[in-house]
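# Any chance you could fold what I've pasted below:
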Amino acid sequence: MHPKLFPNDFIIATDGSKSHCYTSIAGFSCLQQFCYRIHPLNSVFTAEVLAIFQALDELVVPEKDILILSDSFSALSSLKNISFHSPKVIQRLAAKIHIRKNLNKKIALLWVPGHSGVSWNEKADSIAKQVSDFSPYIDWIASEDILSHLKKQSFQITEENYHKSKYQLLIGNIPDILTISKWTGNRVQDRLIARIISKTITTPGLLYRFNFHPDPLCRVCNKINDVSHILLNAKNMHLLELYSGEN
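From the prediction side, this is the model:
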(Lines give C-alpha, C1' and ligand atoms only; values in the text may rest on other atoms or scores of the structure.)
Protein backbone atom coordinates (compact mmCIF):
# COMPACT_ATOMS: atom_id res chain seq x y z
CA MET A 1 0.00 0.00 0.00
CA HIS A 2 1.62 3.20 -1.18
CA PRO A 3 1.15 6.46 0.78
CA LYS A 4 0.14 8.18 -2.47
CA LEU A 5 -3.13 6.22 -2.36
CA PHE A 6 -4.03 8.22 0.75
CA PRO A 7 -2.14 11.52 0.32
CA ASN A 8 -4.12 13.35 3.01
CA ASP A 9 -3.98 10.60 5.65
CA PHE A 10 -1.42 9.91 8.34
CA ILE A 11 -1.05 6.12 8.13
CA ILE A 12 -0.57 3.88 11.16
CA ALA A 13 -0.30 0.09 11.14
CA THR A 14 -1.03 -2.02 14.23
CA ASP A 15 -0.69 -5.67 15.14
CA GLY A 16 -1.30 -8.05 18.03
CA SER A 17 0.74 -11.21 18.42
CA LYS A 18 0.54 -14.28 20.66
CA SER A 19 3.10 -17.08 20.96
CA HIS A 20 3.98 -19.69 23.59
CA CYS A 21 6.42 -17.15 25.07
CA TYR A 22 4.79 -13.73 24.77
CA THR A 23 1.62 -11.84 24.00
CA SER A 24 2.43 -8.46 22.49
CA ILE A 25 1.12 -5.41 20.65
CA ALA A 26 2.86 -3.12 18.19
CA GLY A 27 2.22 0.04 16.21
CA PHE A 28 4.14 1.67 13.38
CA SER A 29 4.05 5.00 11.53
CA CYS A 30 6.53 6.92 9.39
CA LEU A 31 7.58 8.89 12.49
CA GLN A 32 7.76 6.38 15.32
CA GLN A 33 6.77 2.96 16.59
CA PHE A 34 6.01 1.06 19.80
CA CYS A 35 6.07 -2.50 21.09
CA TYR A 36 4.70 -3.75 24.42
CA ARG A 37 4.36 -7.03 26.20
CA ILE A 38 0.89 -7.59 27.62
CA HIS A 39 -0.43 -10.18 30.04
CA PRO A 40 -0.45 -13.67 28.47
CA LEU A 41 -4.07 -14.26 29.52
CA ASN A 42 -5.15 -11.72 26.91
CA SER A 43 -6.43 -13.25 23.68
CA VAL A 44 -5.22 -12.38 20.19
CA PHE A 45 -8.49 -10.47 19.70
CA THR A 46 -7.78 -8.36 22.79
CA ALA A 47 -4.20 -7.78 21.66
CA GLU A 48 -5.33 -6.54 18.24
CA VAL A 49 -7.84 -4.13 19.78
CA LEU A 50 -5.39 -2.94 22.42
CA ALA A 51 -2.79 -2.24 19.71
CA ILE A 52 -5.22 0.14 17.99
CA PHE A 53 -6.08 1.72 21.34
CA GLN A 54 -2.40 2.31 22.14
CA ALA A 55 -1.72 3.69 18.65
CA LEU A 56 -4.35 6.37 19.21
CA ASP A 57 -2.46 7.41 22.34
CA GLU A 58 1.08 7.32 21.00
CA LEU A 59 1.23 7.59 17.22
CA VAL A 60 -1.46 9.98 16.00
CA VAL A 61 -0.58 13.44 14.76
CA PRO A 62 -2.99 16.25 15.76
CA GLU A 63 -5.09 17.95 13.11
CA LYS A 64 -4.43 15.25 10.51
CA ASP A 65 -6.70 12.63 8.98
CA ILE A 66 -5.76 9.30 10.55
CA LEU A 67 -5.87 5.96 8.73
CA ILE A 68 -5.21 2.91 10.93
CA LEU A 69 -4.44 -0.39 9.21
CA SER A 70 -5.25 -3.65 11.01
CA ASP A 71 -5.28 -7.29 9.91
CA SER A 72 -7.89 -8.21 12.53
CA PHE A 73 -11.21 -8.52 10.72
CA SER A 74 -12.93 -9.66 13.93
CA ALA A 75 -11.77 -6.57 15.84
CA LEU A 76 -12.94 -4.15 13.17
CA SER A 77 -16.24 -6.01 12.72
CA SER A 78 -16.88 -5.88 16.47
CA LEU A 79 -16.15 -2.17 16.48
CA LYS A 80 -18.49 -1.59 13.54
CA ASN A 81 -21.31 -3.56 15.20
CA ILE A 82 -20.74 -2.30 18.73
CA SER A 83 -23.54 -2.79 21.25
CA PHE A 84 -24.11 -2.89 24.98
CA HIS A 85 -23.01 -6.55 24.96
CA SER A 86 -19.73 -5.91 23.10
CA PRO A 87 -16.45 -6.81 24.85
CA LYS A 88 -15.28 -4.11 27.25
CA VAL A 89 -12.08 -3.59 25.27
CA ILE A 90 -14.17 -2.74 22.17
CA GLN A 91 -16.26 -0.28 24.18
CA ARG A 92 -13.08 1.36 25.49
CA LEU A 93 -11.69 1.64 21.96
CA ALA A 94 -14.92 3.21 20.69
CA ALA A 95 -14.78 5.76 23.51
CA LYS A 96 -11.14 6.52 22.70
CA ILE A 97 -11.95 7.09 19.02
CA HIS A 98 -14.81 9.39 20.00
CA ILE A 99 -12.46 11.47 22.17
CA ARG A 100 -9.69 11.58 19.55
CA LYS A 101 -12.10 12.88 16.91
CA ASN A 102 -12.02 16.22 18.73
CA LEU A 103 -8.30 16.46 17.93
CA ASN A 104 -8.26 15.00 14.43
CA LYS A 105 -10.25 15.77 11.32
CA LYS A 106 -11.08 12.14 10.64
CA ILE A 107 -10.17 8.71 12.00
CA ALA A 108 -10.65 5.72 9.69
CA LEU A 109 -9.83 2.06 10.21
CA LEU A 110 -9.05 -0.21 7.28
CA TRP A 111 -8.80 -3.98 7.25
CA VAL A 112 -5.75 -5.34 5.44
CA PRO A 113 -5.41 -9.15 5.12
CA GLY A 114 -2.50 -10.48 7.13
CA HIS A 115 0.66 -11.57 5.32
CA SER A 116 -0.62 -10.17 2.04
CA GLY A 117 2.55 -8.24 1.23
CA VAL A 118 1.40 -4.84 2.53
CA SER A 119 4.63 -3.33 3.86
CA TRP A 120 2.95 -1.32 6.62
CA ASN A 121 1.33 -4.35 8.23
CA GLU A 122 4.34 -6.56 7.63
CA LYS A 123 6.43 -4.02 9.54
CA ALA A 124 3.96 -3.90 12.45
CA ASP A 125 3.87 -7.71 12.52
CA SER A 126 7.67 -7.84 12.59
CA ILE A 127 7.86 -5.33 15.46
CA ALA A 128 5.30 -7.27 17.50
CA LYS A 129 7.34 -10.46 17.14
CA GLN A 130 10.52 -8.72 18.33
CA VAL A 131 9.16 -8.46 21.87
CA SER A 132 11.39 -9.72 24.67
CA ASP A 133 11.66 -9.77 28.46
CA PHE A 134 13.13 -6.27 28.24
CA SER A 135 10.17 -4.81 26.33
CA PRO A 136 7.89 -2.45 28.29
CA TYR A 137 4.97 -4.24 29.89
CA ILE A 138 1.30 -3.28 30.13
CA ASP A 139 -0.18 -5.01 33.17
CA TRP A 140 -3.80 -5.18 32.06
CA ILE A 141 -6.16 -8.07 31.28
CA ALA A 142 -9.53 -7.89 29.51
CA SER A 143 -12.35 -8.97 31.81
CA GLU A 144 -13.69 -11.39 29.18
CA ASP A 145 -10.30 -13.10 28.99
CA ILE A 146 -10.19 -13.44 32.78
CA LEU A 147 -13.64 -15.09 32.79
CA SER A 148 -12.65 -17.35 29.90
CA HIS A 149 -9.51 -18.44 31.75
CA LEU A 150 -11.41 -19.09 35.00
CA LYS A 151 -14.04 -21.11 33.15
CA LYS A 152 -11.38 -23.20 31.43
CA GLN A 153 -9.52 -23.64 34.71
CA SER A 154 -12.73 -24.67 36.48
CA PHE A 155 -13.45 -27.34 33.86
CA GLN A 156 -9.87 -28.57 34.08
CA ILE A 157 -9.94 -28.84 37.88
CA THR A 158 -13.31 -30.62 37.78
CA GLU A 159 -12.03 -33.07 35.19
CA GLU A 160 -8.83 -33.74 37.15
CA ASN A 161 -10.79 -34.35 40.35
CA TYR A 162 -13.14 -36.69 38.51
CA HIS A 163 -10.26 -38.72 37.06
CA LYS A 164 -8.82 -39.08 40.57
CA SER A 165 -12.13 -40.22 42.06
CA LYS A 166 -13.63 -43.69 42.35
CA TYR A 167 -16.30 -42.75 39.81
CA GLN A 168 -13.77 -42.73 36.97
CA LEU A 169 -13.36 -46.52 37.20
CA LEU A 170 -17.07 -47.07 37.81
CA ILE A 171 -18.52 -44.84 35.08
CA GLY A 172 -15.63 -44.12 32.71
CA ASN A 173 -15.02 -40.92 30.77
CA ILE A 174 -17.96 -38.57 30.41
CA PRO A 175 -17.85 -36.34 27.30
CA ASP A 176 -18.20 -32.61 27.59
CA ILE A 177 -21.88 -31.59 27.52
CA LEU A 178 -21.05 -29.33 24.54
CA THR A 179 -20.11 -32.45 22.58
CA ILE A 180 -23.46 -34.01 23.39
CA SER A 181 -25.54 -30.90 22.75
CA LYS A 182 -24.49 -30.71 19.09
CA TRP A 183 -26.55 -33.75 18.18
CA THR A 184 -29.38 -33.74 20.69
CA GLY A 185 -32.67 -32.07 19.98
CA ASN A 186 -34.20 -31.49 23.41
CA ARG A 187 -33.81 -32.04 27.14
CA VAL A 188 -35.43 -35.49 27.00
CA GLN A 189 -32.74 -36.65 24.60
CA ASP A 190 -30.08 -34.93 26.72
CA ARG A 191 -31.17 -36.86 29.81
CA LEU A 192 -31.47 -40.13 27.94
CA ILE A 193 -28.01 -39.86 26.39
CA ALA A 194 -26.46 -38.75 29.68
CA ARG A 195 -27.96 -41.82 31.38
CA ILE A 196 -26.69 -44.07 28.58
CA ILE A 197 -23.18 -42.64 28.87
CA SER A 198 -23.14 -42.96 32.65
CA LYS A 199 -24.65 -46.47 32.41
CA THR A 200 -27.39 -45.55 34.86
CA ILE A 201 -30.38 -46.06 32.56
CA THR A 202 -32.85 -48.67 33.82
CA THR A 203 -32.29 -52.10 32.24
CA PRO A 204 -33.02 -55.64 33.46
CA GLY A 205 -29.28 -56.17 33.90
CA LEU A 206 -28.98 -53.13 36.15
CA LEU A 207 -32.14 -53.91 38.13
CA TYR A 208 -30.94 -57.47 38.73
CA ARG A 209 -27.76 -56.17 40.38
CA PHE A 210 -29.92 -54.55 43.06
CA ASN A 211 -32.39 -57.44 43.37
CA PHE A 212 -35.16 -55.50 41.64
CA HIS A 213 -35.51 -57.92 38.71
CA PRO A 214 -35.54 -61.74 38.68
CA ASP A 215 -33.57 -62.29 35.47
CA PRO A 216 -30.66 -60.24 34.02
CA LEU A 217 -30.56 -62.12 30.71
CA CYS A 218 -32.04 -61.12 27.37
CA ARG A 219 -34.76 -63.63 26.46
CA VAL A 220 -33.65 -63.58 22.79
CA CYS A 221 -29.86 -63.55 23.04
CA ASN A 222 -29.46 -65.06 26.50
CA LYS A 223 -26.85 -62.43 27.37
CA ILE A 224 -26.71 -59.86 30.17
CA ASN A 225 -29.36 -57.33 29.22
CA ASP A 226 -27.52 -54.09 29.96
CA VAL A 227 -27.09 -50.86 27.99
CA SER A 228 -24.09 -52.15 26.04
CA HIS A 229 -26.02 -55.24 24.95
CA ILE A 230 -29.09 -53.26 23.88
CA LEU A 231 -27.10 -50.71 21.88
CA LEU A 232 -24.41 -52.92 20.37
CA ASN A 233 -25.71 -56.48 20.12
CA ALA A 234 -29.49 -56.63 20.29
CA LYS A 235 -31.87 -56.55 17.34
CA ASN A 236 -33.86 -53.41 16.54
CA MET A 237 -36.88 -54.63 18.50
CA HIS A 238 -34.75 -54.76 21.62
CA LEU A 239 -34.41 -50.97 21.59
CA LEU A 240 -37.89 -50.79 23.09
CA GLU A 241 -36.41 -52.33 26.21
CA LEU A 242 -34.19 -49.28 26.59
CA TYR A 243 -37.27 -47.22 27.35
CA SER A 244 -39.49 -49.76 29.05
CA GLY A 245 -36.87 -51.49 31.20
CA GLU A 246 -38.76 -54.75 30.65
CA ASN A 247 -37.26 -58.07 29.67
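
# C-alpha from now on. contacts and neighbour counts both.
Will do.

# which stretches of the protein form helices?
44-58, 73-80, 88-100, 119-129, 143-164, 167-171, 177-181, 187-197, 204-209, 227-232, 239-244 (DSSP state H).

# In this structure, where is pLDDT below threshold?
1-4, 170-172, 174-185, 234-247 (pLDDT under 70).

# can you rerun that using 50?
242-243, 245-247 (pLDDT under 50).

# Would you mind splitting it into its domains for me?
For the chain, the TED database gives the domain ranges 10-147, 165-233.

# before we move on, back to that, figure out which of the helices of the chain is closest to residue 108.
Residue 108 sits nearest to helix 88-100 of all the helices of the chain, at 9.5 Å, using Cα to Cα.

# what's the distance between the residue nearest the centre of the chain and residue 41?
When Cα atoms, centre = their mean is applied to the chain, the residue found nearest the centroid is residue 148 (7.7 Å). Using Cα to Cα, to the nearest Å, we find residue 148 at a distance of 9 Å from residue 41.

# Please apply the same query to residue 118.
Counting by Cα to Cα, the gap from residue 118 to residue 41 is 29 Å.

# With residue 61 instead?
Distance from residue 61 to residue 41, by Cα to Cα: 32 Å.

# CSV for the helices of the chain, including distance to residue 25?
Below are the helices of the chain laid out as CSV (distance: least, Cα to Cα, whole Å):
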stretch, distance to residue 25
helix 44-58, 5
helix 73-80, 14
helix 88-100, 14
helix 119-129, 6
helix 143-164, 16
helix 167-171, 43
helix 177-181, 33
helix 187-197, 43
helix 204-209, 59
helix 227-232, 53
helix 239-244, 57
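
# that older thread, nearest to residue 156, of the domains of the chain?
Closest among the domains of the chain, using Cα to Cα: domain 165-233, at 11.3 Å.

# what separates the closest one from the chain centre, distance-wise?
Here the centre of domain 165-233 is set off from its chain's centre by 32 Å, with Cα atoms, centre = their mean, to the nearest Å.

# Spatially nearest residue to the residue of the chain most remote from its centre (excluding sequence neighbours)?
Ranked by distance from the centre of the chain (Cα atoms, centre = their mean), the top residue is residue 214, with 51.1 Å. Excluding its sequence neighbours, the residue lying closest to residue 214 (Cα to Cα, 6 or more residues apart in numbering) is residue 208, at 6.3 Å.

# Was I right to think the one you found contacts residue 218?
No: the pair residue 208 and residue 218 does not pass the contact test of Cα atoms under 8 Å, sitting 12.0 Å apart.

# quick one: which of the domains of the chain is nearest residue 153?
Per Cα to Cα, nearest to residue 153 of the domains of the chain: domain 10-147, 9.7 Å.

# The closest one spans what distance, first to last residue?
So domain 10-147: terminal residues 37 Å apart, Cα to Cα.

# Scan the protein for its longest strand.
In the chain, taking DSSP state E as the definition, the longest strand is strand 9-18.

# Please tell me how far that one is from the chain's geometric centre.
Using Cα atoms, centre = their mean, the offset of strand 9-18 from its chain centre is 23 Å.

# Much appreciated, bye for now.
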